[in-house]
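J.: Any chance you could fold what I've pasted below:
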Amino acid sequence: MNTEQTVSTFVDFFRERGHQRITGDSLLPPPGDPVLFTTSGMHPLTPYLEGRPHPLGRRLVGLQRCLRTTDLDEVGDSTHLTVFEMLGSWSLGNYDGSQSLRWGYELLRDGYGLHPDRLHVTVFGGDEEVGPDTESLRTWNELGVPVELTGEDNWWSNGPTGPCGPDSEIFVWTGDMPPRGTPSTDPQWVEVWNHVKMRYRRHDDGRLEPLVQTSIDTGLGLERLVTILQKKGSVFECDVFEPWMSVIPTVWGADQTSLRIIVDHLRSGIVVIGDGITPSNTGRGYVLRRLVRRVLTILWRDDSTRTLSDLPVDLLEHTRDHFRQTSDVGHVRDVLLTEERRFLGLLERGRVVLSRQGLTGGPLTEEQYDYLHDTHGLPRELVLGLLTPNRADGVAPR
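T.: Numbering: from 1, shown residues only. Predicted structure coming up:
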């Protein structure tokens, strides 16, 4: 089952059960949301999860593209991505958590063909504020799926304040041997689907208040599910990444971890630019700048003549089309190349400044880092790269 079939299977399943399809095509959160980017499918639905009527009704299904900066340091392993897509289903005060779990089990077993023996779940076991999620525990016991009770790992919140509640996470066994252990004891159990009961609102003082309606918010990582369905060892091996992983090694040779970072960050940068963001020193633009400059740092570490102008236009078009964007690939390419020139100029200026100041020997004090940043506009991570060019994230001399 390819990515397109995986999405249609999910959407059709919930449409048959009265859910209306919603669009989730932008990384930019709705006005008033304090986060830089949409990090989950529920972000655009927050007002409706809190009780506002949705124009399409009380049962929804959709595919949302997301970006998470909290996982940047994890990118390069087999499961983490910067920009990814999340399948979701929602009950806005309609059906209960038990129904959501039963449908989830049915879809994974019958729709995607996952054997029940490869499934394991976790359930909120309670804490000093809220008791255990007995409804979910009872449902999974009736379905015959093994359960592990946890604490804060099964409490979902969108931040320190706002809607929150207990969740139940569904894991799939990815090992070659028969399933063993539990999700908290063996990393071969990979989480794919989270079912959240939005029951409370957390206030600034930490107080929990019951919401007017109990809603259900589920999120299923598309790339992770496709990787499992296609029996691949990492998300970078599934069909979504095939064009990138087959072409980039022929353009720029790199070790596996570096290759994955290059592919993820460039692909993510293309999507961010396609949503109207340009590099800057603050906010969303800084996230984009960090992605592009990390790619350049890796490329130049091995060969200072490498340039983003070598990036095939076909890959830009593939990414734009996959994420249902309408951006001009010529503009996207120009943004990338302009940022490359700016970074190169900053590197050259940084080397001159460090040499003139007699700071090339390192290490530097906090006052020296502050001086270089405030007076010369040289960020700490760039200075570190210039001082230690052989670091994994250092910058090679040109």
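J.: can you pull out the strands in the stretch 51-200 of the chain?
T.: In the stretch 51-200 of the chain, the strands defined using DSSP state E, counting those that start in this stretch lie at 59-67, 83-91, 119-124, 147-150, 155-157, 162-173, 189-202.
J.: now the closest residue to residue 118 other than its chain neighbours, which residues is it bridged with?
T.: Nearest non-adjacent residue to residue 118, counting by Cβ to Cβ, 6 or more residues apart in numbering: residue 173, 4.3 Å away. Just so you know, the C-beta spots here come from the backbone N, C-alpha and C atoms, and that holds for glycine as well. Residue 173 has these beta-bridge partners by DSSP bridges: residue 189.
J.: Quick check: residue 173 vs residue 125, distance?
T.: 22 Å (Cβ to Cβ, to the nearest Å).
J.: Relative to the whole chain's centre, how far out is stretch 134-147?
T.: Stretch 134-147 sits 29 Å away from the centroid of its parent chain (Cα atoms, centre = their mean, to the nearest Å).
J.: Could you list the alpha-carbon positions for it in CSV?
T.: Output of stretch 134-147 as CSV, limited to C-alpha atoms (Å, rounded to 0.1, in the frame of the first residue of the first chain):
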residue,chain,number,x,y,z
THR,A,134,-10.8,2.9,33.1
GLU,A,135,-12.9,3.3,30.0
SER,A,136,-10.0,2.8,27.6
LEU,A,137,-8.5,0.0,29.7
ARG,A,138,-11.8,-1.8,29.7
THR,A,139,-12.2,-1.4,25.9
TRP,A,140,-8.7,-2.7,25.1
ASN,A,141,-9.2,-5.7,27.4
GLU,A,142,-12.5,-6.5,25.6
LEU,A,143,-10.6,-6.3,22.3
GLY,A,144,-7.8,-8.5,23.6
VAL,A,145,-5.0,-6.0,23.0
PRO,A,146,-2.2,-5.9,25.7
VAL,A,147,-2.1,-2.7,27.8
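J.: quick one: contacts of that stretch?
T.: Outside stretch 134-147, the residues that touch it by Cβ atoms under 8 Å, 6 or more residues apart in numbering are 96-98, 101-102, 105, 116, 119-124, 149, 166, 168, 182, 195, 197.
J.: What residues of that stretch count as buried?
T.: 135, 136, 137, 139, 140, 143, 145, 146, 147 (16 or more other Cβ atoms under 10 Å).
J.: just stretch 304-313 next, same as before
T.: Result for stretch 304-313 [16+ other Cβ under 10 Å]: buried residues 306, 307, 308, 311.
J.: Surely the third one touches residue 337?
T.: Yes. Residue 308 is within contact range of residue 337, at 5.8 Å (criterion: Cβ atoms under 8 Å).
J.: so how many other residues sit close to the spatially closest residue to residue 74 that is not a sequence neighbour?
T.: Sequence neighbours aside, residue 80 is the residue nearest to residue 74 in space, at 3.9 Å (criterion: Cβ to Cβ, 6+ apart). For residue 80, the neighbour count with other Cβ atoms under 10 Å is 20.
J.: do the same with residue 32
T.: With other Cβ under 10 Å as criterion, residue 32 counts 7.
J.: now what about stretch 216-224, what contacts it?
T.: Contacts of stretch 216-224 with the rest of the structure, by Cβ under 8 Å, 6+ apart, involve 3, 6-7, 10, 40-42, 45, 49, 63, 79, 81, 84-91, 95-97, 100, 104, 156, 190-198, 235, 238, 240.
J.: ok so, going back, hmm, which two among the buried residues of stretch 134-147 are most spread apart?
T.: Greatest spatial distance among the buried residues of stretch 134-147 (Cβ to Cβ): 135 and 146, at 17.3 Å.
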